[in-house]
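**Q** Dropping the sequence and predicted coords here.
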Amino acid sequence: MPKYAGQTRILAAVDCIIFGFDGENLQILLMKRGLEPEKNKWSLIGGFLAKSESLEQAASRVLKKFTGIEGLYMHQLQTFSAPERDPLERTISTAFTTLIDIHQYEKQIIKDYHAEWFRLGKKPRLIFDHDSMLKMAQQELRYQAASHPILFELLPARFTIPQLQNLYEGVYETHFDDRNFSRKVLSTELLIKLRDKDKSGSKKGAFYYKLNMKKYKAGFRSFMNFIPNTGRSAF
């Protein structure tokens, strides 16, 4: 079969930006790169596109190979195509994002590839343009969280208000007054109080709640009216 004449070879890759929440902190899953250039330095979970697969299939394959995690919905963020982004060879990469509750998948992270969770504020410098990818993913996460219930994918089925506050503070990189946050969240009537308490943090403990999905979908905007600067940021 004839090929396009005079065209330059360009590699295609995918990078998976995996946000996780452990009940206290928003984290990002990173791995040590296994090949040159930048071998043994920290990167997003990534790999090259195979000839027979789509970008979505490649992202799912890479995620399973390096973490053991499969079956997650992954949102396509953007393709990064700066000519010099990879110093070895011209490579374009499409970034995908996903959100997980760390405790659901902590046994599936494969140690062979040195995958490790880092708090967003304490992560190491990443290779190539991966820091820019992550920054854009954080901005998109804030935008999506302001209009969709995606952050609750990071929470267990039952959670405490302090856990919910920790999550939103991590996503928006801000601090909420504890009493005001609790009062405003409860005033939405979107949470259902359970009888059980989490007493891991104190003897008094904190009541568990679950989400009233019917009310949540109907009144989501009222839930977000105390979150600052939720509009989409310019990249």
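**A** Yes, it's here.
**Q** Which elements pack onto the longest helix seen in the chain?
**A** If you go by DSSP state H, the chain has its longest helix at helix 130-145. Contacts defined by 3 or more CB pairs under 8 Å, 6 or more residues apart in numbering; DSSP states H and E place helix 130-145 against strand 11-21, strand 75-80, strand 91-101, helix 161-172. Heads up, the C-betas are built off the backbone N, CA and C, glycines and all.
**Q** That helix to strand 91-101, inter-axis angle?
**A** 50 degrees (axes from the mean of the first three to the mean of the last three CA atoms, to 10 degrees).
**Q** what mean pLDDT would you report for helix 130-145?
**A** In this model, helix 130-145 has a mean pLDDT of 92.
**Q** What are the buried residues along that helix?
**A** 130, 133-134, 136-138, 140-142, 144-145 (16 or more other CB atoms under 10 Å).
**Q** For F80, which non-adjacent residue is closest in space?
**A** Distances taken as CB to CB, 6 or more residues apart in numbering place S93 nearest to F80, at 5.2 Å, with adjacent residues excluded.
**Q** Okay, that neighbour and A59: tell me how far apart.
**A** From S93 over to A59 the distance is 11 Å, taken as CB to CB, to the nearest Å.
**Q** if I look at the two, which residues touch both of them?
**A** Taking CB atoms under 8 Å, 6 or more residues apart in numbering as the criterion, S93 and A59 both touch V14.
**Q** helices and strands of the protein: which one bottoms out on pLDDT?
**A** Lowest by mean pLDDT, DSSP states H and E among the helices and strands of the chain is helix 220-223, with a mean of 56.
**Q** What does the pLDDT read for the residue nearest the centre of the chain?
**A** In the chain, the centroid-proximal residue (CA atoms, centre = their mean) is F19; its distance is 2.3 Å. Listed pLDDT for F19 reads 94.
**Q** thought it was touching Q27?
**A** Yes - proximity of F19 to Q27 meets the contact threshold set by CB atoms under 8 Å, at 7.2 Å.
**Q** what's the burial count for the closest residue to L141 other than its chain neighbours?
**A** Excluding its sequence neighbours, the residue lying closest to L141 (CB to CB, 6+ apart) is V171, at 6.0 Å. V171: 22 surrounding residues under other CB atoms under 10 Å.
**Q** I appreciate the help and will end here.
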